[in-house]
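In: Here you go, sequence then predicted model.
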Amino acid sequence: MTLITNVRPYGEDAVDIRITDGRITEIGPGLAGDDDVVDGGGLVALPGLVDLHTHLREPGREDAETVETGSRAAALGGFTAVHAMANTDPVADTAGVVEQVWRLGQEAGLVDVVPVGAVTVGLRGERLAELGAMADSAARVRVFSDDGHCVADPALMRRALEYVKALDGVVAQHAEEPRLTVGAQMNEGDRSARLGLAGWPAAAEEAVIARDVLLAGHVGARLHVCHVSTAGSVDILRWAKSRGVQVTAEVTPHHLLLTDECAETYDPVFKVNPPLRSDADVQALRAGLADGTIDAVATDHAPHAVEDKESEWASARPGMLGLEQALSIVVQTMVEPGLLDWRGVADRMSVRPAAIGRLAGHGRPLAVGEPANLLLLDPTHRATVDPAALASRSRNSPYAGRELPGRVVATFLRGTATVLDGKAQK
Ligand SMILES: NC(=O)N[C@@H](CC(=O)O)C(=O)O
Ligand SMILES: [Zn+2]
Ligand SMILES: [Zn+2]
């Protein structure tokens with residue numbers, strides 16, 4: 001039994017929370033008992049965060065991240081569940097691979113690792129993977145994605161949508177028309193021209209989103225759009241939702257904070273797909289997340305080994321770390337400016353992502369009888385990010401040297417502390 005004292009659920013009035021056998025069993029002021037006491041004074045309690053988009057690199061690139069090291073980074077970030085993307089080596093396109101990843105997550109025991117299944121064999125965009133077998137496996141896959149690659153063929157995308165509809169699943173699309181991004185290095189605009197880097201136009205993302213919402217509406221299937229990065233994408237999503245299309249979307253922490261001005265440094269830590277965009281795009285993404293057009297914040301945590309990242313810009317791999325700073329970035333970009341309150345943060349980082357992934361035990365309210373998946377946050381604590389201190393096996397944090405608000409003091413997974421005093425418990 002654990003008693004969390006004097007904590008503010010959703011930033012509201014301070015109460016005590018008792019956890020027994022993995023569930024919240026009592027909430028109220030002045031609870032008594034000789035339980036393990038965690039002092040929640042000054043802390044905000046939120047439901048455990050759920051990430052729809054995490055790259056854990058196992059199997060295949062265990063030098064960059066493993067299920068265990070990524071799980072530790074996730075727990076330290078306040079997450080209790082993460083969706084592990086399929087672009088591993090071998091690709092997670094069979095029941096065997098998704099079951100392996102699922103089992104590694106259970107063994108690590110720090111967060112629920114929920115495998116994403118590939119849409120197409122080998123992410124090659126040619127023929128559908130065994131979606132049904134992955135859905136029926138022990139990993140119970142509901143989110144399917146070729147992330148890293150776009151399902152570019154419209155006929156194949158339509159068939160994928162028809163299949164996942166029957167499985168109560170969703171296709172999470174990496175929206176990038178590949179014919180428009182050949183050799184692309186950064187956001188296309190005046191700055192890319194001046195820096196001499198090939199541009200990645202907003203239209204390459206928006207064209208695929210427009211096509212896919214039309215297909216999802218036609219088929220009556222669920223579509224999820226990964227890492228939305230442009231103002232135009234937000235407009236298309238708003239239009240599609242107003243027409244009743246079952247589309248959801250995510251934005252990354254880095255697209256909520258950083259702009260293509262970062263490319264001026266030529267430091268490949270800022271190279272990412274889709275690229276960092278303009279300030280106007282950042283403002284539109286924040287507004288879209290605030291009004292719910294964008295459903296979720298998802299990290300796109302993309303660890304890369306030093307040799308893949310510390311090279312010249314053009315040859316560096318795209319992608320950046322996100323799990324350990326995601327909540328801090330949301331506090332800075334959404335809570336502090338008054339765009340989201342704590343219930344809003346819970347909705348966009350826990351409730352809605354859990355619903356999109358069909359995770360029954362996550363994204364639940366802080367209430368008696370619910371599974372004790374929660375985090376305790378000190379929202380006023382500020383600290384400077386030191387990549388050497390991260391739990392991730394990689395070091396490619398775009399926030400190095402930045403002072404950010406918010407410290408995750410504790411995380412509980414079904415009542416067991418995975419983080420206490422800001423330290424991982426395994
Ligand atoms: N975001 C990235 O820049 N990279 C991701 C792939 C992806 O999310 O498209 C990766 O796997 O490294
Ligand atoms: Zn992607
Ligand atoms: Zn990704």
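Out: Received it, and whenever you're ready, just let me know what you need. Ligands and ions are numbered 1, 2, ... in the order given.
In: so what pLDDT did G33 get?
Out: At G33, the model reports a pLDDT of 79.
In: Now it. Nearest residue, chain neighbours left out?
Out: Nearest residue to G33, sequence neighbours excluded (CB to CB, 6 or more residues apart in numbering): L3, at 5.7 Å. Where you see a C-beta, it was placed from the backbone N, CA and C, and this is true even at glycine.
In: next one: L404
Out: S328 (4.0 Å).
In: Report the separation between that neighbour and R407.
Out: Distance from S328 to R407, counting by CB to CB, to the nearest Å: 8 Å.
In: Looking at the two, which is more packed in?
Out: Taking other CB atoms under 10 Å, S328 and R407 do not tie; S328 has more neighbours (27 against 20).
In: The more buried one - that's part of a helix, no?
Out: Yes: checked against DSSP: H, G, I helix; E, B strand; the rest coil, S328 lies within a helix.
In: Report whether the expected contact of it with E403 is present.
Out: No: the pair S328 and E403 does not pass the contact test of CB atoms under 8 Å, sitting 9.8 Å apart.
In: For the stretch 301-426 of the chain, which residues are neighbours of ligand 1?
Out: 302, 318-319 (CB under 6 Å from any ligand atom).
In: Name the member of those with the shortest distance to D136.
Out: A302 (29.2 Å; CB to CB).
In: from memory that closest one sits against K309, does it?
Out: No: with contact defined as CB under 8 Å, A302 and K309 do not form a contacting pair (9.9 Å).
In: Which neighbours do those two have in common?
Out: The contact sets of A302 and K309 overlap at N396 (CB atoms under 8 Å, 6 or more residues apart in numbering).
In: who has more neighbours, these two?
Out: Here A302 and K309 are set side by side on neighbour count (other CB under 10 Å), and the busier one is A302, at 28 against 22.
In: Skipping its backbone neighbours, what lies nearest that one in space?
Out: A302's closest residue in space is G319 (CB to CB, 6+ apart), at 2.7 Å.
In: Report how many residues lie close to the one you found.
Out: 23.
In: wait, what's in contact with it?
Out: 55, 271-273, 300, 302-304, 396.
In: what residues does this structure put near ligand 1?
Out: 55, 87, 147-148, 174, 272-273, 300, 302, 318-319.
In: got the contact list for the most centrally placed residue in the chain?
Out: Most central in the chain under CA atoms, centre = their mean is A298, positioned 2.3 Å from the mean C-alpha point. For A298, the contact set (CB under 8 Å, 6+ apart) comprises 51-53, 226-227, 250-252, 353.
In: can you do 7 Å?
Out: By CB atoms under 7 Å, 6 or more residues apart in numbering, the contact set of A298 is 51-53, 250, 252, 353.
In: what's the pLDDT at it?
Out: Reported pLDDT for A298: 99.
In: what's around T416, how many residues?
Out: Counted with other CB under 10 Å, T416 comes out at 15.
In: same question, D341
Out: Neighbours of D341 (other CB under 10 Å): 14.
In: could you list every residue that touches it?
Out: Per CB under 7 Å, 6+ apart, neighbours of D341: G11.
In: how near is it to ligand 2?
Out: Counting by CB to the ion, to the nearest Å, the gap from D341 to ligand 2 is 30 Å.
In: from the stretch 301-426 of the chain, which residue is nearest to ligand 3?
Out: A302 (5.8 Å; CB to the ion).
In: Can you name the residue of the stretch 1-150 of the chain nearest to ligand 3?
Out: Of all residues in the stretch 1-150 of the chain, D147 sits closest to ligand 3, at 4.4 Å by CB to the ion.
In: just checking, that residue is part of a strand?
Out: No: assignment of D147 by three-state DSSP gives coil, placing it outside any strand.
In: My read is that the residue nearest to L404 contacts G406, right?
Out: Yes: applying CB atoms under 7 Å, one finds S328 in contact with G406, separated by 4.3 Å.
In: Convert stretch 118-125 to CSV, retaining C-alpha atoms only.
Out: The C-alpha trace of stretch 118-125 is given here as CSV (Å, rounded to 0.1, in the frame of the first residue of the first chain):
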residue,chain,number,x,y,z
ALA,A,118,4.1,-2.5,-39.9
VAL,A,119,1.5,-1.8,-42.6
THR,A,120,3.6,-3.3,-45.4
VAL,A,121,6.1,-6.1,-45.6
GLY,A,122,9.6,-4.7,-44.7
LEU,A,123,8.1,-1.2,-44.8
ARG,A,124,8.6,-1.4,-48.6
GLY,A,125,5.1,-0.2,-49.5
